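S.K.: Okay, structure incoming, though there's no sequence with it:
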DNA sequence: GCGATAATTCATGCGTTGTTGAACTTTTCG
DNA sequence: CGAAAAGTTCAACAACGCATGAATTATCGC
């Protein structure tokens, strides 16, 4: 007990600048990732994010201008460079490309606890730009990049097929959490899905339309 | 021009009961499907739905008790009976089961303009129950039902794999609208995806975990 | 040390949301 | 035809949303 006598709940924080270099900005981004992932853009409130970060709601406007600005930095910025991923994926045998993609996908997103992927997908709901980011990541960066180097026919159609399987995997594992896929270990999932990815990448795909 | 002189925009509607048996209830449900599909649960406003239905916002509470109640009737109730679907799908050769599933999936959801599927998926964002409905539809009703009659091994694992591909297809085609998959005609998509579905249904799937 | 600047909380403004009760009009039924 | 019931709009409320400006305290450059 401090000398300030017994206040019912949280003592009202002191005004003014806090001592020590506490990185409020980073704390807000981390909290925002969590809350946006749980609730999506609209349902998430500035107050709720600030509360979880342990600071006042006004800090959101101070550091990011608006809720929108915070969203852009916390969710719309991918937490890794796509090109690095592509380089790591491409290296290796063409017949095991699907395997490497699925494994990398699971490894990367599992590392973030699925929160960032869920945030991205959940935001497609209420935020126009999020759909673009998702599409850019999958179709433009990831698969088009991969398929360009392999020189396949119908690269865009193949890319959207691959995206459909990966988006679905992400939805089921990280957002909707269907069992047993949500809890299966990575290699089990790789074994199950990689052959199908491989077919989208290098198998025979006829394009009538 | 009526005798009421020139009012700038929409003339204020007359009070009281409207003549003729206009089905306000049904109009609200239809409008709600659209708006929930575009915006998700939180972003959709009662006033916006009512405006699109051409009635007063208070009608939502009159007919459905609350926004929540309207959501339950408009989105959570599937627009068709799952058992009917299963019956139609199962009939036929086991080797072409994947083909029939993909075709039926596209036919059904295309018929609703994709709106209902988008509404369902978009609602997973902000509404706890919606995730259950989605899971129930895919895993419990659709694929478990199908796989039970075919007597496969690992039916639940196979079901969630199938769900991942179908959810992904729905996301890409109806929600995020990645091209060219979003606009491809049904048979093209069937040709591309059915073989992969078939593998999830009857191919060899090892389950380590 | 001291002024300038940056970081933080608080109080408040202003718009929007879901919901409710009253007033009003048409239909239904005896 | 007349009274009760059902359908509909309107006005208003209380709660909550984001954003802003003033007040307060720490750090930094000299």
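M.R.: Looks like it arrived, so ask away. Keep in mind it's a predicted model, so treat the numbers as computed, not measured.
S.K.: For the closest residue to chain B within chain A, pull up the helix or strand it's in.
M.R.: Here chain A gets closest to chain B at one residue, residue A:168, 2.2 Å apart by CB to the nearest CB. From N, CA and C alone the C-beta is placed, and that goes for glycine too. Using DSSP states H and E, residue A:168 maps to helix A:155-170.
S.K.: so residue A:206 is in which element?
M.R.: Counting by DSSP H and E, residue A:206 is found in no helix or strand.
S.K.: ok, residue A:179 - how many residues close by?
M.R.: 14 (other CB atoms under 10 Å in any protein chain shown).
S.K.: tell me the SS of it?
M.R.: coil (DSSP: H, G, I helix; E, B strand; the rest coil).
S.K.: now the one 10 residues further on
M.R.: State at residue A:189, reduced to three classes by three-state DSSP: helix.
S.K.: What score does it have for pLDDT?
M.R.: Confidence at residue A:189, expressed as pLDDT, is 96.
S.K.: So which bits of chain A are right by DNA strand D?
M.R.: Contacts of chain A with DNA strand D, taken as CB under 7 Å from any atom of the strand, map to A:14-21, A:44-48, A:57-58, A:60-61, A:65-68.
S.K.: how about 6 Å then?
M.R.: Residues of chain A found near DNA strand D (CB under 6 Å from any atom of the strand) are A:14-17, A:19-20, A:45-47, A:58, A:61, A:66-68.
S.K.: ok, and does the helix of greatest length in chain A reach over to DNA strand C?
M.R.: The longest helix of chain A (DSSP state H) is helix A:24-43. Yes: part of helix A:24-43 sits near DNA strand C under the criterion CB under 6 Å from any atom of the strand, namely residue A:24.
S.K.: other SSEs contacting the very next helix or strand once past that helix?
M.R.: Sequence-wise, the next helix or strand downstream of helix A:24-43 (DSSP H and E) is helix A:46-53. Counting contacts by 3 or more CB pairs under 8 Å, 6 or more residues apart in numbering or on different chains; DSSP states H and E, helix A:46-53 packs against helix A:24-43, helix A:58-64, helix A:67-71.
S.K.: who touches residue A:104 in this structure?
M.R.: A:85, A:88, A:89 (CB atoms under 8 Å, 6 or more residues apart in numbering or on different chains).
S.K.: Switch the residues you listed over to a markdown table; also include neighbour count.
M.R.: Converted to a markdown table, the contacts of residue A:104 look like this (neighbours: other CB atoms under 10 Å in any protein chain shown):
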| residue | neighbour count |
| --- | --- |
| A:85 | 20 |
| A:88 | 12 |
| A:89 | 18 |
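S.K.: Test my guess that residue A:100 contacts residue A:85.
M.R.: No: judged on CB atoms under 8 Å, residue A:100 makes no contact with residue A:85 at a distance of 10.4 Å.
S.K.: For DNA strand C, see how far away residue A:200 is.
M.R.: 41 Å (CB to the nearest atom of the strand, to the nearest Å).
S.K.: Show the pLDDT at that residue.
M.R.: 93.
S.K.: For residue A:203, grab phi and psi.
M.R.: Main-chain dihedrals, residue A:203, degrees, to the nearest 10: phi -80, psi -180.
S.K.: burial measure for it, as a count.
M.R.: 16.
S.K.: Now do the buried residues in stretch A:18-26.
M.R.: Using 16 or more other CB atoms under 10 Å in any protein chain shown as the test for burial, stretch A:18-26 gives A:24, A:25.
S.K.: what about that stretch, start to end distance?
M.R.: One end of stretch A:18-26 sits 15 Å from the other (CA to CA, to the nearest Å).
S.K.: Please enumerate residues in contact with that stretch?
M.R.: By CB under 8 Å, 6+ apart, stretch A:18-26 touches A:53, A:55, A:59, A:63.
S.K.: Domains in chain A, by residue range?
M.R.: According to automatic domain parsing, chain A is divided into the following domains: A:24-76, A:82-202.
S.K.: Pipe those domains into TSV and attach distance to residue B:27 per row.
M.R.: TSV is the format used below for the domains of chain A (distance: least, CB to CB, whole Å):
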stretch	distance to residue B:27
domain A:24-76	25
domain A:82-202	25
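S.K.: Where among those is average confidence lowest?
M.R.: Looking at those, the weakest mean confidence is domain A:82-202, a mean of 82.
S.K.: Distance from the chain centre to it, please.
M.R.: Distance, stretch centre to chain centre, for domain A:82-202: 11 Å (CA atoms, centre = their mean, to the nearest Å).
S.K.: repeat for stretch A:49-63
M.R.: Counting by CA atoms, centre = their mean, stretch A:49-63 comes out at 22 Å from the chain centroid.
S.K.: Quick one: end-to-end distance for that stretch.
M.R.: End-to-end for stretch A:49-63, by CA to CA: 13 Å.
S.K.: likewise stretch A:175-194?
M.R.: Stretch A:175-194: ends 21 Å apart by CA to CA.
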